[in-house]
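A.B. asks: Everything below, folded, please.
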Amino acid sequence: MKKIFTILIMCVFLLTINNEVKAQLIKGEAFLGLNLTQIDGDKAYGYKHPGIHGGLGAIVPIYKKDYFDIDLSLEVVFNHKGAHQGRIYADTLSDGNIITGEYDVHMNYLEIPLMIYFSDRQIYSFGVGASYGRLVGLREYEHGKLTGVDLNYQGEDRYKLSDWCILADLKFRLHERLKFGVRYQYSLAEIRNRSFELVNGQPDPEWQNVSQYNNVITARLIYVFNEDRSQYIYDEYHFTGDNPKIHQKAIDKQLKKLKKKQAKAAKKAGK
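C.D. replies: Below you'll find the predicted structure:
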């Protein structure tokens, strides 16, 4: 994983030495979304576990040509992951315990994703990258009973504290600085190695030393700060028709609105 981060840094360096790169302000972003998660290798199938996704990020422009942009994004994210399985049977063991097949695990991670985005007119963006996550909270339930409550609970099948992931991301502009994004995230290394038992308590021969991985789909809203949209206005308001004066008025109206916002922001920054 360290090699991946090294490669990403080298790519950024090579792109920034291009003589067409222009100095631009670093943009900020805030985002909030919903995770749909599962853990591959835990017998609970499907993205049935919802979770919160939220955080802040910084966007550094590193390459620009015409309306094509390449940006580097560094984020700090709170991610709630896990898995869920409802009751699928009810058996009573010889010791009187009832097993139901229910399973829930709730895991809170603090993560640092590093992404490279390729954008068309800053309207549509596709990004790839990697992230490091640290497990900061854990609750695990089996057959409806709490079995794991802290990060250092005993057992050979305990969860690893680190989660290295690969990410792919697609986002598009909804309105001015507001964007909508969909992200896919998958663990590169196992977060746990576990062996399962049959209902009678005997080892399950088909489920021994199983590697488990976080598998996450995220939908999120993104608000971008400190973004200059003036260079894209004319392209977005390019109309065809018989009366170009009307279309030019629409362009001028948008430019006037943008200049007022910039003046207001500059005045506020001066205070």
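
A.B. asks: hey, let's count contacts and neighbours off CA atoms from now on
C.D. replies: Will do.

A.B. asks: In which helix or strand does Ile251 reside?
C.D. replies: helix 244-270 (DSSP states H and E).

A.B. asks: Could you tell me the average pLDDT over that helix, please?
C.D. replies: Mean per-residue pLDDT for helix 244-270: 76.

A.B. asks: same for that helix, what does it pack against?
C.D. replies: helix 230-236 (3 or more Cα pairs under 8 Å, 6 or more residues apart in numbering; DSSP states H and E).

A.B. asks: re the thing from before, so what's the gap between the helix holding Ile251 and the chain middle?
C.D. replies: 33 Å (Cα atoms, centre = their mean, to the nearest Å).

A.B. asks: Flag every buried residue along it.
C.D. replies: For helix 244-270, burial by neighbour count (16 or more other Cα atoms under 10 Å) applies to His247, Ala250, Ile251, Leu255, Leu258, Gln262.

A.B. asks: before we move on, what about stretch 62-79?
C.D. replies: 62-64, 69-79.

A.B. asks: Which pair of these spans the longest distance?
C.D. replies: Within these, Lys64 and Asn79 form the most distant pair, 31.6 Å apart (Cα to Cα).

A.B. asks: Please look at Phe31 and Glu75 and confirm they touch.
C.D. replies: No: Phe31 is beyond contact range of Glu75, at 9.9 Å (criterion: Cα atoms under 8 Å).

A.B. asks: Overlap of the contact sets of the two?
C.D. replies: Gly55, Leu56 (Cα atoms under 8 Å, 6 or more residues apart in numbering).

A.B. asks: so can I have a markdown table of the buried residues of helix 244-270 showing distance to Phe172?
C.D. replies: Conversion of the buried residues of helix 244-270 to a markdown table gives the following (distance: Cα to Cα, whole Å):
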| residue | distance to Phe172 |
| --- | --- |
| His247 | 24 |
| Ala250 | 23 |
| Ile251 | 22 |
| Leu255 | 21 |
| Leu258 | 20 |
| Gln262 | 23 |
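
A.B. asks: If we only consider the residues you listed, which is nearest to Arg87?
C.D. replies: For those, the nearest to Arg87 is Leu258 (55.7 Å; Cα to Cα).

A.B. asks: And the closest one, how close does it get to Gly270?
C.D. replies: Noted for Leu258: a distance of 18 Å to Gly270, by Cα to Cα, to the nearest Å.

A.B. asks: now swap in His49 and tell me
C.D. replies: Counting by Cα to Cα, the gap from His49 to Gly270 is 47 Å.

A.B. asks: And for Gln208?
C.D. replies: Counting by Cα to Cα, the gap from Gln208 to Gly270 is 64 Å.

A.B. asks: Next: Val77.
C.D. replies: Separation of Val77 from Gly270 (Cα to Cα): 31 Å.

A.B. asks: Equivalent analysis for Asn215, please.
C.D. replies: For Asn215, the distance to Gly270 (Cα to Cα) stands at 46 Å.

A.B. asks: So what's the gap between the helix or strand that contains Asn108 and the chain middle?
C.D. replies: Taking DSSP H and E as the definition, Asn108 sits inside strand 103-120. Its chain's C-alpha centre and that of strand 103-120 lie 4 Å apart, by Cα atoms, centre = their mean.

A.B. asks: Tell me which other helices or strands whichever helix or strand comes after it touches.
C.D. replies: Later in the chain than strand 103-120, the nearest helix or strand by DSSP H and E is strand 124-142. Counting contacts by 3+ Cα pairs under 8 Å, 6+ apart, strand 124-142 is packed against strand 103-120, strand 145-148, strand 162-175.

A.B. asks: Give me the sheet partners of strand 124-142 and which way each runs.
C.D. replies: strand 103-120 (antiparallel), strand 145-148 (antiparallel), strand 162-175 (antiparallel) (DSSP bridges).

A.B. asks: quick one, which of those is packed in tightest?
C.D. replies: Stretch with highest mean neighbour count among those: strand 103-120 (a mean of 20; mean count of other Cα atoms under 10 Å).

A.B. asks: Can I get that strand as CSV, trimmed to CA atoms?
C.D. replies: Coordinates of the C-alpha atoms in strand 103-120 are reproduced here as CSV (Å, rounded to 0.1, in the frame of the first residue of the first chain):
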residue,chain,number,x,y,z
TYR,A,103,-25.4,-11.0,12.9
ASP,A,104,-24.6,-7.3,13.2
VAL,A,105,-21.2,-5.5,13.3
HIS,A,106,-20.8,-1.8,13.6
MET,A,107,-17.4,-0.3,12.9
ASN,A,108,-16.4,3.3,13.0
TYR,A,109,-13.3,4.4,11.0
LEU,A,110,-11.4,7.6,10.6
GLU,A,111,-9.9,7.6,7.1
ILE,A,112,-7.6,9.7,4.9
PRO,A,113,-8.4,9.1,1.2
LEU,A,114,-6.0,10.4,-1.4
MET,A,115,-7.7,10.8,-4.8
ILE,A,116,-6.8,12.0,-8.3
TYR,A,117,-9.8,13.4,-10.3
PHE,A,118,-10.1,13.9,-14.0
SER,A,119,-12.8,16.5,-14.8
ASP,A,120,-14.6,17.8,-17.9
